[in-house]
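J.: build me a model:
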Amino acid sequence: MHYAFLISLLLFAVTSALANTEIANFEVTQDRNFDIWFVRQWPSLNYTDSVLHYNLTANPLGTPRNEVNKGPCTRLYHWTPETTPEKCLQELWIALEHDDENWLNYDKFTLRLSYSASVRVLLSSPPSLLYLHERKFPVKAYLKIFDASDIAPLPRPGPPRRFRNRRMNKYHVRRKFARIQLVNTGVLNPKSELAESGQDPTTLPGPVPIIVRLEPLMFGVIPQSVIPTIFALAGAVVVGTFVARAMVGRLRGEAEQYAATTESESKEKDE
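T.: You can find the predicted model right below:
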């Protein structure tokens, strides 16, 4: 029971650090390397660059649920980090590359999306007065993993001239694609600053800062970045156990000594 409690406490401490986080675990295999020219313009995550910081615009409040977290938009070939195609939601696409030799021994990975519910920014109004303003981001995040075969059939024009003479180095690769969508989940308030300023109250005043991390799963279940935290917590539990045992033993010895002294004094009084 004692060790079960310590293990539960350890797992709770690890998982509690993942607040405001969406996680997608997936398995990678060697798949056909489709020649999808427009994905070369997308940001990518790999062994060398495994973390991406991005400011993503959230979709407005009231976005229909049947339009969120579905298949790729048919005009995806027009999407770039700077451009959202017409009739497509605001979203972020990322190419996930797993072919580095340091990752070849892993076939299970995790993609973690982290974002804050609010941030504090330094503003000036008037210019001579500086103050901290809390900017809130009430959003719901959707994270979805796609295979190349999900994107290759989408309609697309021929590649631009800069992509025409590029040849594929490999016929099979371990590549996936990730899509991130945010939807505003705030509550409309007619007296809010947005309503009074004339801005659309269903949209957030600015993009949401997000952090996306790609990493292998150790033993198929534990994210690689969590291993040091687990060892640190496990070490603290071991040290704490030895310290607690030493303290309990000392207190027990003092209690037994006190009981023996009290009993001896009682016998002397009786005599």
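
J.: contact partners for His78?
T.: Pro85, Cys88 (Cβ atoms under 8 Å, 6 or more residues apart in numbering). Where C-beta positions appear, they are placed from N, C-alpha and C, glycine not excepted.

J.: phi and psi next, for it.
T.: phi -90, psi -10 (degrees, to the nearest 10).

J.: ok, now Pro153?
T.: The phi/psi pair for Pro153 (degrees, to the nearest 10) is phi -70, psi -10.

J.: separation between the closest residue to Cys73 other than its chain neighbours and Asn102?
T.: In space, and not counting its chain neighbours, Cys73 is closest to Cys88: 3.8 Å by Cβ to Cβ, 6 or more residues apart in numbering. As judged by Cβ to Cβ, to the nearest Å, Cys88 and Asn102 stand 35 Å apart.

J.: more neighbours: the two, which one.
T.: Cys88 (16 against 10; other Cβ atoms under 10 Å).

J.: check for me that the more buried one belongs to a helix.
T.: No - counting by DSSP: H, G, I helix; E, B strand; the rest coil, Cys88 is not found in a helix; it is coil.

J.: how close does it get to Pro216?
T.: On the measure of Cβ to Cβ, Cys88 and Pro216 end up 31 Å apart.

J.: circling back to that earlier point, which ones are touching the residue nearest to Cys73?
T.: Per Cβ under 8 Å, 6+ apart, neighbours of Cys88: Cys73, Arg75, Leu76, His78, Trp79.

J.: same question for Ile94.
T.: So Ile94 contacts Trp42, Pro43, Ser44, Leu45, Leu52, Phe177, Ala178, Arg179, Ile180, Val212 (Cβ under 8 Å, 6+ apart).

J.: same thing with Phe146?
T.: So Phe146 contacts Pro72, Lys176, Phe177, Ala178, Arg179 (Cβ under 8 Å, 6+ apart).

J.: burial measure for the third one, as a count.
T.: Pointing back at Phe177 there. 21.

J.: averaged pLDDT, the strand or helix carrying it. What do you get?
T.: With elements taken from DSSP states H and E, the one containing Phe177 is strand 175-184. On average, the pLDDT along strand 175-184 is 96.

J.: show me the shaky parts of the protein.
T.: 1-19, 117-135, 158-170, 188-198, 226-234, 263-271 (pLDDT under 70).

J.: how about 90 then?
T.: 1-20, 31-38, 40-41, 86-87, 116-138, 155-172, 186-206, 218-271 (pLDDT under 90).

J.: which residue ranges form the helices in it?
T.: 2-16, 148-151, 161-164, 193-197, 227-270 (DSSP state H).

J.: still on that earlier bit, are any of the contacts of Cys88 buried, and which?
T.: Applying 16 or more other Cβ atoms under 10 Å to the contacts of Cys88, the neighbour count classes Cys73, Leu76, Trp79 as buried.

J.: got phi/psi on the closest residue to the last one other than its chain neighbours?
T.: Right, Trp79. Nearest in space to Trp79, with sequence neighbours left out and distances taken as Cβ to Cβ, 6+ apart, is Pro85 at 5.7 Å. Dihedral angles of Pro85 (phi, psi; degrees, to the nearest 10) stand at phi -60, psi 150.

J.: use 476 as the first number from now on
T.: OK, 476 is where the count begins now, so the last one is Pro560.

J.: so Pro560 touches Glu566, yeah?
T.: No - look at Pro560 against Glu566 with Cβ atoms under 8 Å: they stay out of range, at 10.1 Å.

J.: show me what contacts Ile498?
T.: Thr585, Leu586, Arg587, Leu588, Leu618.

J.: for the stretch 476-625 of the chain, what spans make up the strands?
T.: 496-502, 506-507, 519-520, 526-531, 567-572, 583-590, 593-599, 605-611, 614-621 (DSSP state E, counting those that start in this stretch).

J.: before we move on, back to that, make CSV out of the contacts of Phe621 and add distance to Val614.
T.: Compiled in CSV, the contacts of Phe621 are given as follows (distance: Cβ to Cβ, whole Å):
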residue, distance to Val614
Pro547, 21
Lys651, 24
Phe652, 22
Ala653, 17
Arg654, 15
